[in-house]
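[1] give me a model of this one.
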Amino acid sequence: MLDKLKKRRTQYALGKNLPISETQVDALIRDAIRLSPSSFNSQSSRAVVLFGKESDKFWNIASEALRAVVPAADFQATSKKLDSFASGAGTVLFYEDQEPVKALQANFPLYAHNFPIWSEHSTGMAQLAVWTALADAGIGASLQHYHPLVDADVAKTWNIPASWELKAQMPFGSNEAGFAEKTFIDDELRFRTHR
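    Numbers count the residues shown, from 1 in each chain. Just a heads-up that it's a prediction; the model follows:
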């Protein structure tokens, strides 16, 4: 497993040449999310997988949403970044369905305040699982957060249920550049082991 995690890196130089078919990518994403843990087995994670023109449509929505809030003098840099995401083969939109979260809150009131937090844990694990699975298949990706700016237009465009909350967006595609060496902070700053 650790060898697979080592492959997971942020890739901004994306292309449209996937090493496996779109059908295989879709199945890989579904399996990764399906196998991700969730509190009380709530299975609250949801995903919308966009390929090709549908993915482009998402990044156009993001571009227009950001154009409304980013100063004109700064928009060129923003636009360039968004174009790099749109250069990929697709995008995964990660959601958390609030209906199972609310049901757990009602059924287990003692833990009610924790279920939204645990839902965030679930989406994080689903995102890592998908990202790692994509990397292991030779597919580059990065994790982006353009919500809530895009939420309403995205929900309307793809008929997203009202109970689904957008949590992250993952553009993916072929790796069109290599990776710099990954660096780490000192272990002493991150870990403590007691025996």
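
[2] top helix in this structure by residue count?
    helix 115-136 (DSSP state H).

[3] in the sheet, who's paired with G90?
    On the basis of DSSP bridges, G90 is bridged to F51, F172.

[4] please verify my assumption that it contacts A141.
    No: using C-beta atoms under 8 Å, G90 is not in contact with A141, being 9.5 Å away. Where C-beta positions appear, they are placed from N, C-alpha and C, glycine not excepted.

[5] need the overlap of contacts for those two.
    Common contacts of G90 and A141, defined by C-beta atoms under 8 Å, 6 or more residues apart in numbering, comprise P171, F172, G173.

[6] and the longest helix of the chain, which residues are buried?
    115, 118-119, 122-127, 129-135 (16 or more other C-beta atoms under 10 Å).

[7] ok, now which ones touch the closest residue to P116 other than its chain neighbours?
    Of all residues not flanking P116 in the chain, V101 sits nearest, at 6.1 Å (C-beta to C-beta, 6 or more residues apart in numbering). By C-beta under 8 Å, 6+ apart, the contact set of V101 is S42, S44, F115, P116, S119.

[8] show me the strands in this protein, by range?
    In order along the chain, the chain carries the following strands (DSSP state E): 14-15, 45-51, 90-97, 139-141, 164-175.

[9] mind checking which of those is nearest S21?
    With C-beta to C-beta as the criterion, S21 lies closest to strand 45-51 of the strands of the chain, at 10.5 Å.

[10] how about V92, what does it touch?
    The contact partners of V92, taken as C-beta under 8 Å, 6+ apart, are I29, A47, V48, V49, L50, V130, Q169, M170, F172.
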